[in-house]
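J.: okay, here's the prediction I keep looking at, along with the sequence it came from:
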Amino acid sequence: MARVRPLSGYPEWTPAQRVVESAVIDALKEVFTLHGFAEIETRAVETVERLAGKSEAAKEIYTLTRLNADGDADARLGLHFDLTVPFARYVEEFQNELAFPFKRFQIQKVWRGERPQEGRYREFYQADIDVVGRQSLPAHLDVEVAVVMARALAALPLPGVTMRVNNRRLVEGFYRGVGIDDIAGALRSVDKLDKIGPDGVRAELVEQQVPETAADAILELARISAPDASFVNAVEDLWATTTTVADVADAEAQLREGLAQLVALVQGVNAAVPGTAIADLRIARGLDYYTGSVYETFLDGHEDLGSICSGGRYDSLVAGGGFPGVGMSIGVSRLVSRMLGAGLVEATRAVPTAVLVAVTDEETRAASTAIADALRGRGIATEVAPTAAKFGKQIQHADRRGIPFVWFPGSEGASDEVKDIRSGDQVPADAATWEPPAEDLSPRIVPAD
RNA sequence: GUGGCUAUAGCUCAGGUGGUAGAGCAUCGCGUUGUGGUCGCGAGGGUCGCGGGUUCAAGUCCCGUUAGCCACCCCA
């Protein structure tokens, strides 16, 4: 028989690992729901035209064909590579049935035909939240979305996260003020600051016909960061000494609007979850449809993993315009794989079962089943031993699966007994009234030792 | 898509210069005939990723191929 080997980029978890992934998803859902975000699920496929139309990501799209496709003219379909494109289509399609501003969350798998690595998969979960308005959307929702994500991440057993935020308006105003024409091009270069360093970025900028003084000003701006409003003075000082354009009124208005939004964002997030947000004027984001706030979130001590939660403000979700929004996306699989791989957390057990009812012999299996049903009737996950093996074997069966309690039916009128196999304590018990400790009722995730 | 590294038991790996495959862990059994975990003894388990070549002889050398890992690109 051919050996079964893992397929690169398509992660699969053991039951205990899936407990962790499920707990993460459940915790996210709870926080999103608590803030009034409605859940939706979209189909896995979109038309290729729609998927490819968005960007140059076309080569990453997995397309679908039937094995026996006989040349019929079906619309070509592809698997979605993010949750924003399907959401945009959904909003367009259901716009008459949705109430705006529309707040939704969506936790689904997405597929990208990229070269896999640690934290980069071909099939993975994303958890998205977006708020979309009709015609307009107040700026304070930029803060709300970031606050919800900060709280969602804080609800997970993680070392802590740092959300680095910036504002495209601020950056654009500044760039215009120092005479940059190709703002998107300059942003793409600044985005590589970590990779190629200040000198590398400077060289790229000069290559793009950016004057040297302007390149230096851009790099100075990218150096600014602060966990509070103190970055404003630094930006203003830099602005005062570097503007080269004759008429800077428009650019300055744009800069000031961005500054105010960024101040509100940093202060708002840090008020909700102290120590989470940092205004970092080097954060650019490669995607060019962002027009205001941009976010990138890193797991403290695991910055090598890359961003685990990013997003931003955009002018319109749909091509025709009119649906401004702001959203963020958590890379659930990336996060979970690191939590598991680095031993940050573990599940208390791999099965839901809290109690294994032992079977004395096959003739009395019915008695064991009755005990199990009594416990199940009171919400205690229970299974019955598969065979009437020696009790040592039955206890071992429970131990291997992490089942904390083994129940021994009493024989010949004797009372039943329940054993905590971790401590070895065994006490008389009645299936009609016995309760496990609350922390043993269901599998939980706990910090690993 | 580009480059580097790797592929031997269920898992992690060892196998100078070619000479009939090994360890630890895991699994199963017994010690311990109805209360596990420790300990001791024992057992099962491998067409050495696949295909070809060189050779009396290939896990080992050569070519090809497939897959995995890592980096780049890009991103969650």
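T.: Nice, I can see it.

J.: and the stretch 101-250 of chain A, which residues reach RNA strand B?
T.: A:112, A:114-121, A:124, A:126, A:191-192, A:195-196 (C-beta under 7 Å from any atom of the strand). Every C-beta, even on glycine, is put in place using the N, C-alpha and C of the backbone.

J.: now restrict these to buried residues only.
T.: A:112, A:116, A:119, A:120, A:121, A:124, A:126, A:191 (16 or more other C-beta atoms under 10 Å).

J.: what does the pLDDT read for the third one?
T.: The confidence metric pLDDT takes the value 84 at residue A:119.

J.: that one is in contact with residue A:306, isn't it?
T.: Yes - if you go by C-beta atoms under 8 Å, residue A:119 and residue A:306 touch, sitting 6.4 Å apart.

J.: residue A:339: neighbouring residues, count only.
T.: Neighbours of residue A:339 under the rule other C-beta atoms under 10 Å: 24.

J.: contacting residues for it?
T.: A:20, A:24, A:157, A:158, A:345 (C-beta atoms under 8 Å, 6 or more residues apart in numbering).

J.: against residue A:83, how distant is it?
T.: 21 Å (C-beta to C-beta, to the nearest Å).

J.: follow-up on the earlier one: can I get the contacts of residue A:339 in TSV including secondary structure?
T.: TSV is the format used below for the contacts of residue A:339 (DSSP: H, G, I helix; E, B strand; the rest coil):
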residue	secondary structure
A:20	helix
A:24	helix
A:157	coil
A:158	coil
A:345	strand
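
J.: which of those lies closest to residue A:394?
T.: Nearest to residue A:394 out of the contacts of residue A:339 is residue A:20 (C-beta to C-beta; 27.7 Å).

J.: in contact with the residue lying closest to the closest one once chain neighbours are set aside, which residues?
T.: Spatial nearest neighbour of residue A:20, excluding adjacent residues (C-beta to C-beta, 6 or more residues apart in numbering): residue A:445 at 5.1 Å. Counting by C-beta under 8 Å, 6+ apart, residue A:445 makes contact with A:19, A:20, A:23, A:24, A:157, A:345, A:346, A:347, A:348.

J.: picking up where we left off before, the residues of the stretch 101-250 of chain A next to RNA strand B in helices, which ones?
T.: Filtering those for membership in helices, criterion DSSP state H, returns A:195, A:196.

J.: pull out the buried positions in the helix or strand where residue A:237 lies.
T.: Using DSSP states H and E, residue A:237 sits within helix A:231-242. Applying a neighbour-count criterion of 16+ other C-beta under 10 Å, one finds A:231, A:232, A:234, A:235, A:238, A:239, A:242 buried in helix A:231-242.

J.: then stretch A:346-364?
T.: Those would be A:346-347, A:349-351, A:353-360, for stretch A:346-364 by 16+ other C-beta under 10 Å.

J.: stretch A:165-183 too?
T.: Buried, per 16+ other C-beta under 10 Å, within stretch A:165-183: A:165-180, A:183.

J.: ok, the nearest residue to residue A:176 once chain neighbours are set aside to RNA strand B distance?
T.: Distances taken as C-beta to C-beta, 6+ apart place residue A:251 nearest to residue A:176, at 4.0 Å, with adjacent residues excluded. In this view, residue A:251 and RNA strand B are 26 Å apart by C-beta to the nearest atom of the strand, to the nearest Å.

J.: can you spell out which helices and strands pack onto the helix of greatest length in chain A?
T.: Secondary structure of chain A read by DSSP H shows that its longest helix is helix A:249-272. Packing partners of helix A:249-272 (3 or more C-beta pairs under 8 Å, 6 or more residues apart in numbering; DSSP states H and E): helix A:140-154, strand A:161-167, helix A:168-177, helix A:231-242, strand A:277-280, strand A:290-299.

J.: good, we can wrap up now.
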